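Peer 1: Mind looking at a prediction? Sequence and model below.
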Amino acid sequence: MKRLLTLLLFAVVACADAAAQAQTPPATNHQQQSEQARAVAEKSALPPSPSAAAATKEDENCGCESKSLPATLAVVNGARITAQDIEAQTKLRVSELQQQVVVARKRELDIQINSRLLKAEAGKRSLSQGQLIEAEIIARVKEPTEADALAFYEKNKGRIQGEFKMVVPGIINYLRAQRQGEEAQKFAERLRATYQVKVLAETFGPSFTAAERARVLAEVNGARITSGDIEDSLRPLIFHVQQQVYDVRRQELESRVIDTLLTQAAQKRNITVEALLEADLAPKVPKVEETAARDFYEQNKERMIGDFAQLKEQITQHLQQREIEKAETAFAEQLRRAATLQVYLETPEPPLYVISTDARPSKGNPAAPITIIEFTDYQCQSCAAAQPVIEKLASEYGDKVRLVVRNFPLPQHRNALKAAEAAEAAFEQNKFWEYASILMQNQSALEIDKLKEYATRAGLDRSKFDAALDSGKFAAQVQRDADDGMRFGINATPAIFVNGRQAVSNDYETLKATIEATLKNGAAKK
């Protein structure tokens, strides 16, 4: 479930996406205020200065490569595939991906300055950041009309899929966000004129040593923003880029491995690769009959232009190519199983975060060597599906595992915020686990009256529970959890961390393997 910014999306126009997003329910007034603030700070960030744009190539280092790429990436039956072998095919794409971090680093200082100004002004006025954004940005924006949307559609319809009546909600959302961005920029400029802001470094690269991290880049009302602050904020993005770079290299390496296996097999028979494929593959590729082509047409004709007679040849070619690819994949797997293969390209390691568990719902041995922390949303179906998996692992590992739950209500879930507050109210009465279980079993019915009904079912003191829920007593605690989750780069739930590192997948096998590896490596509990 992709996490959506509630305000001021920093994106290129994509009206088809905007139309889809228009179906997403709006967030509640106080939901994810820190995300709003971050979005405001991004929208009001200034473009890189001329001096920053003219940075040297050394400054352009993204700091994304945590380890040197090994010279030898794989050995196939004694034949080496080197990093240099795949560089020609991967260098451009890797550079494009890593450039995202370079650009983000140049903007991050401005974003952090704006974020601190927003926080300072909210405190000065005794408002929440959400209330300040509402007053100074949202309230000043003129709501886009259907006429505005039509003008935009006519200007951009070459890039927009769908009729106007289908995409108009998405266009209006985009225009609203664009206008809010303009107001955010104006507001940031007003704040910079009011507060003391000193920018001490226009250009800077990644920091690796303690001395580099301590470098002061700016001061806001005397409070320092260091290079380390910038790098800490970029950690989730850097890891995401590392994963994408790994995938690019792995795919090219896989292609090289297959090519090597085919070449070696052809050489053994003293024939060309083409002759090998013709001899071994051609007999295994079934001919696509007209009935298969017609079935494909009937299943997909709503997305096709033309009748079956017009498209028959194209469809047949498409299906035939799919059969060839399936046969090639099966043949490559056959060669792989018979080969001696070593691969030295390593997957990137998730960043290690220090995640607070103080005063958070937990169960299990407090001194356990493994701490599993789940950021959850009570209206998230994937979160409900993950609970039996986590409970099974906790049972299997006994005193070796401690479970901790933190909140991360997603903006697109109307009732998730109040459900999280309700779970906190149950936690206050030492009934968190019983109450949370009821929430997960009733995700389609989490309205406030239902939340109170479940409190009775869980055996809670209703007067105390109702008062806490109605007053928003635990809203700040839910927000603190969400703030932390955002710092750790969470954009979907459930997000599960094992001793401070986020699991790459939430299925039983992956989580079990992660726990086993952590126990084996003796990683420090975080």
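Peer 2: Happy to help now that I have it.

Peer 1: right, and the helix or strand after the helix or strand containing Leu319?
Peer 2: Using DSSP states H and E, Leu319 sits in helix 308-337. As assigned by DSSP H and E, the chain's next helix or strand after helix 308-337 is strand 341-343.

Peer 1: Show me what secondary structure element comes after that next one.
Peer 2: Remark: after strand 341-343, the chain's next helix or strand is strand 362-364, criterion DSSP H and E.

Peer 1: Walk me through which strands that next one pairs with, and which way each runs.
Peer 2: Using DSSP bridges, strand 362-364 pairs in its sheet with strand 401-407 (antiparallel).

Peer 1: Kindly export the partner strand (C-alpha atoms) in CSV.
Peer 2: Output in CSV follows, covering the C-alpha atoms of strand 401-407 (Å, rounded to 0.1, in the frame of the first residue of the first chain):
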residue,chain,number,x,y,z
VAL,A,401,12.5,-12.8,20.5
ARG,A,402,10.8,-9.6,21.8
LEU,A,403,8.0,-8.0,19.9
VAL,A,404,7.4,-4.2,19.8
VAL,A,405,4.6,-2.4,18.0
ARG,A,406,4.6,1.2,16.8
ASN,A,407,2.0,3.2,14.9
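
Peer 1: how much does the helix or strand that comes right after that strand deviate in direction from strand 401-407?
Peer 2: The first helix or strand that comes after strand 401-407 along the chain, using DSSP H and E, is helix 416-428. Angle of helix 416-428 versus strand 401-407, following axes from the mean of the first three to the mean of the last three Cα atoms, to 10 degrees, is 130 degrees.

Peer 1: pLDDT wise, what is the residue nearest to Leu276 when sequence neighbours are not counted at?
Peer 2: The shortest distance from Leu276 to any non-neighbouring residue, by Cβ to Cβ, 6 or more residues apart in numbering, is to Ala266 (4.4 Å). Any C-beta I mention is one placed from the backbone N, CA and C, and that applies to glycine too. The per-residue pLDDT reported for Ala266 equals 94.

Peer 1: who does the helix holding Leu319 touch, helix- and strand-wise?
Peer 2: helix 227-268, helix 273-280, helix 290-300 (3 or more Cβ pairs under 8 Å, 6 or more residues apart in numbering; DSSP states H and E).

Peer 1: one more time with 7 Å
Peer 2: Packing contacts for helix 308-337, counted by 3 or more Cβ pairs under 7 Å, 6 or more residues apart in numbering; DSSP states H and E, involve helix 227-268, helix 290-300.

Peer 1: Averaged pLDDT, it. What do you get?
Peer 2: 91.

Peer 1: Which positions in it come out as buried?
Peer 2: Leu311, Ile315, Thr316, Leu319, Gln320, Ala327, Glu328, Phe331, Ala332, Leu335 (16 or more other Cβ atoms under 10 Å).

Peer 1: and the fifth one, what is it in contact with?
Peer 2: Pointing back at Gln320 there. Contacts of Gln320 were listed using Cβ atoms under 7 Å, 6 or more residues apart in numbering, and they are Val288.

Peer 1: Can you give me the distance of it to Gln314?
Peer 2: Per Cβ to Cβ, to the nearest Å, Gln320 is found 11 Å from Gln314.

Peer 1: shared neighbours of these two, anything?
Peer 2: Common contacts of Gln320 and Gln314 (Cβ under 7 Å, 6+ apart): none found.

Peer 1: residues near Ser68, how many?
Peer 2: Applying the criterion other Cβ atoms under 10 Å, we find 7 residues in the vicinity of Ser68.

Peer 1: looking at this, it is in a helix?
Peer 2: No. Ser68 sits outside any helix when classified using DSSP: H, G, I helix; E, B strand; the rest coil, being coil.

Peer 1: so where's the stretch 351-500 of the chain shaky on pLDDT?
Peer 2: Nowhere does the stretch 351-500 of the chain drop to pLDDT under 70.

Peer 1: Correction: the previous question concerned the stretch 1-150 of the chain.
Peer 2: Residue ranges of the stretch 1-150 of the chain with pLDDT under 70: 1-60.

Peer 1: now the helices for it?
Peer 2: Secondary structure of the stretch 1-150 of the chain (DSSP state H, counting those that start in this stretch): helices at 15-21, 33-43, 50-53, 83-124, 129-136, 146-156.

Peer 1: Which of those helices sits closest to Ile496?
Peer 2: Ranking those by proximity to Ile496 (Cβ to Cβ) places helix 33-43 first, at 20.7 Å.

Peer 1: Geometric centre of this structure: which residue is closest?
Peer 2: Centroid check for the chain by Cα atoms, centre = their mean gives Asn491 as the closest residue, at 4.4 Å.

Peer 1: re earlier: report the contact partners of the residue nearest to Leu276.
Peer 2: Thr272, Val273, Leu276.

Peer 1: and it, how far is that from Ala492?
Peer 2: For Ala266 relative to Ala492 (Cβ to Cβ), the value is 45 Å.

Peer 1: Please apply the same query to Glu136.
Peer 2: Per Cβ to Cβ, Glu136 is found 31 Å from Ala492.

Peer 1: More neighbours: which of these two?
Peer 2: Between Glu136 and Ala492, counting by other Cβ under 10 Å, Glu136 is the more crowded of the two (21 against 14).

Peer 1: And that one, how close does it get to Gln502?
Peer 2: Glu136 sits 35 Å away from Gln502, going by Cβ to Cβ.

Peer 1: about what we covered before: that's a strand at the residue nearest to the centre of the chain, yeah?
Peer 2: No. Under three-state DSSP, Asn491 falls outside any strand and is assigned coil.
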